[in-house]
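A.B. asks: Here's my sequence, what's the structure:
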Amino acid sequence: MAQLTFPVDENLRRIVEHAASNTPRPNFAQLADPALRRPEAEGKCLMQMREEDVDPAKLPLSLWLVKDAGVYLMSPGTPGLLAEDPAAPHRHLVAYARGCHPGQHGQQVMEDEAGGDDFVEALNLGFFQSGLQAGATAFVVEVTATHWALSYTQA
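C.D. replies: Next up is the predicted model:
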């Protein structure tokens, strides 16, 4: 089992707020879900699907758990929430799991548990909002080959 810990800081708070107040965009799994499609997209195969084919009103509010170059949370809201980094002006603001910045040991632990492929998983935004209201100091995502479990810690 891999345990990912996301300390609550100003970036994570901004990410949660952004996800709550902006229209979400779909991840790949949501593009494939026929229940989320606009009527005019019925019958399209997955390879033909685009973000515009998904009805944003049907998308659940979420944070994205992303594994690519690191493991992090980000807002799926549009427009995207960009980091204030002059060196990378088009990079999204993200909250890395402890030890899971690109090239750190936690990245390998995650690959051992969840596989080497990149992914984007939608996690329930309400859980993060409730945790912040309850005074969470960190969010924890436990990952196994078959499931996810969410929890948070308090001071």
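A.B. asks: Please make it C-alpha for all contacts and neighbour counts, starting now.
C.D. replies: Fine.
A.B. asks: quick one: the strands in the chain?
C.D. replies: Listed in chain order, the strands found in the chain under DSSP state E are 2-7, 23-24, 62-68, 70-74, 77-78, 95-96, 119-124, 136-143, 148-154.
A.B. asks: D55 touches L36, doesn't it?
C.D. replies: Yes - counting by Cα atoms under 8 Å, a contact exists between D55 and L36, whose distance comes to 5.9 Å.
A.B. asks: Let's check: the centremost residue of this protein is which one?
C.D. replies: Per Cα atoms, centre = their mean, the C-alpha nearest to the average position across the chain is that of W64, at 0.9 Å.
A.B. asks: in the chain, which ranges drop under the pLDDT threshold?
C.D. replies: By pLDDT under 70, the low-scoring segments of the chain are 105-115.
A.B. asks: Repeat the analysis, applying 80 as the threshold.
C.D. replies: Per-residue confidence for the chain (pLDDT under 80) gives these ranges: 86, 88-89, 103-117, 145, 155.
A.B. asks: mind checking the longest helix of it?
C.D. replies: For the chain, the helix that runs over the most residues, judged by DSSP state H, is helix 10-21.
A.B. asks: Now render the strands of the chain as TSV, adding distance to A41.
C.D. replies: Formatted as TSV, the strands of the chain follow (distance: least, Cα to Cα, whole Å):
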stretch	distance to A41
strand 2-7	37
strand 23-24	18
strand 62-68	23
strand 70-74	27
strand 77-78	21
strand 95-96	34
strand 119-124	22
strand 136-143	34
strand 148-154	31
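A.B. asks: These: which one's closest to M47?
C.D. replies: Distance to M47, taken as Cα to Cα, is lowest for strand 119-124 among the strands of the chain, at 17.3 Å.
A.B. asks: mind saving the C-alpha coords of that closest one as PDB?
C.D. replies: Listed in PDB are the C-alpha atoms of strand 119-124, where the atom choice follows Å, rounded to 0.1, in the frame of the first residue of the first chain:
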ATOM      1  CA  PHE A 119      -3.100   8.700 -14.500                       C
ATOM      2  CA  VAL A 120      -5.600  11.300 -13.400                       C
ATOM      3  CA  GLU A 121      -8.200  10.300 -10.800                       C
ATOM      4  CA  ALA A 122     -11.100  12.500  -9.800                       C
ATOM      5  CA  LEU A 123     -11.400  12.700  -6.000                       C
ATOM      6  CA  ASN A 124     -14.600  14.000  -4.300                       C
END
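A.B. asks: Appreciated, that's everything.
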